[in-house]
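Enquirer: test case, fold it:
(chains A, B, C and D)
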2 protein chains.
Amino acid sequence: MSDLVTRLRRHNWRITPQRRVIAETLEGSHVHFTADEILERAVERMPELSRATVYNTLNEMVALGEVLELTLDGRSKRYDPNADHEHHHLICEGCGLMKDVHAMADPVDWLPGDERHGFAVTRASITYRGLCPECQAAQS
Amino acid sequence: MSDLVTRLRRHNWRITPQRRVIAETLEGSHVHFTADEILERAVERMPELSRATVYNTLNEMVALGEVLELTLDGRSKRYDPNADHEHHHLICEGCGLMKDVHAMADPVDWLPGDERHGFAVTRASITYRGLCPECQAAQS
DNA sequence: TCCTTCTTTAGACATAGTCTAAGCTAGGAT
DNA sequence: ATCCTAGCTTAGACTATGTCTAAAGAAGGA
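Expert: Numbers count the residues shown, from 1 in each chain, chains lettered A, B, ... in the order given. Got it, this is the predicted structure:
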């Protein structure tokens, strides 16, 4: 059984066949899909699955805190099933390739008190940008 | 004359009345507007200004590197005229209020070599999230 | 079995952004 | 001054992404 499904079950969230397919599709890949990409792949296993269910289900998993919503390119949201592991993202400005990465320190510690404007700061995520090896080669 | 217009002129970019109004609207505020918010405000000064021109102009200013495009909420892009000052963003999860902030360290320095996956990493931006003072008060 | 509640579905709707084709403007050449 | 050309602006159509609605479908409890 998928780890994400296990985590979702703990919230007393009913695991329907549709939700299971969506969760397994999300977790089965190591790239971060958009909602429509998940729909496209999930429909191969369950042809009658509807677009609305995919969007609803993803939003609910985000609300439960078990999936992260990423808005890194301004086009469409992407979904990351690793909500339980602290990580950041590295994106290629050439082709859009995205990798999960880990920094050596917590960026919350780098924000001085006088820069917090009275906020209760709870988390921080870093978006690294650069060129992947293929795009570096293509450019030279 | 606005600083942004000065920077844009250096690119041999024709400063038309429309572009001037858009640049000044963008720079005149200390919040980061969406394209439609800029249109709404710019139209007060130039009623015949079109939506397409605002979108085209903002995209060109981003391409010239003089304006940053922010995709922090997944709804719409926001535009930040301070492309020449390194800074990050602090966002209230209650009301969406956004502040520019400065960190004590450069996050690029905290990404180990074996986490770079061969990328040439050029920049990094941090998104801090938390609750602003008003939303903290409302919650208790 | 029946009832209630939650889930799913198709399609309409909303929002954000891009594209197209036409007309407009400004500066350079003559 | 007039023409030419390149670039700019415009309205509106179009696309992509995401949300909402109303009705039908499933699932568990009395």
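Enquirer: what residues does chain A have near DNA strand D?
Expert: For chain A, the residues in contact with DNA strand D (CB under 7 Å from any atom of the strand) are A:16, A:34, A:35, A:36, A:51, A:52, A:55, A:59, A:75, A:76, A:77. The way it works is simple: take the backbone N, C-alpha and C, and place the C-beta from them, glycine included.
Enquirer: which one of those residues sits in the busiest neighbourhood?
Expert: residue A:77 (21 neighbours; other CB atoms under 10 Å in any protein chain shown).
Enquirer: which strand or helix spans residue A:85?
Expert: Using DSSP states H and E, residue A:85 sits in no helix or strand.
Enquirer: give me the subset of the residues of chain A next to DNA strand D touching chain B.
Expert: Applying CB under 8 Å from any CB of the partner chain to the residues of chain A next to DNA strand D, one finds that residue A:77 fall near chain B.
Enquirer: how about the residues of chain A next to DNA strand D, which pair is most distant?
Expert: A:16 and A:75 (29.3 Å; CB to CB).
Enquirer: from the residues of chain A next to DNA strand D, which land in strands?
Expert: Among the residues of chain A next to DNA strand D, none falls in strands (DSSP state E).
Enquirer: can you redo the residues of chain A next to DNA strand D as JSON lines with pLDDT and distance to residue B:12?
Expert: Output for those, formatted as JSON lines (pLDDT from 0 to 100; distance: CB to CB, whole Å):
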{"residue": "A:16", "pLDDT": "95", "distance to residue B:12": "59"}
{"residue": "A:34", "pLDDT": "96", "distance to residue B:12": "38"}
{"residue": "A:35", "pLDDT": "97", "distance to residue B:12": "42"}
{"residue": "A:36", "pLDDT": "97", "distance to residue B:12": "40"}
{"residue": "A:51", "pLDDT": "97", "distance to residue B:12": "47"}
{"residue": "A:52", "pLDDT": "97", "distance to residue B:12": "50"}
{"residue": "A:55", "pLDDT": "98", "distance to residue B:12": "45"}
{"residue": "A:59", "pLDDT": "97", "distance to residue B:12": "46"}
{"residue": "A:75", "pLDDT": "89", "distance to residue B:12": "30"}
{"residue": "A:76", "pLDDT": "94", "distance to residue B:12": "35"}
{"residue": "A:77", "pLDDT": "96", "distance to residue B:12": "38"}
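Enquirer: nearest to residue B:138, of the residues of chain A next to DNA strand D?
Expert: Using CB to CB, the residues of chain A next to DNA strand D come closest to residue B:138 at residue A:59, 23.6 Å.
Enquirer: so how far is residue A:69 from the closest one?
Expert: 8 Å (CB to CB, to the nearest Å).
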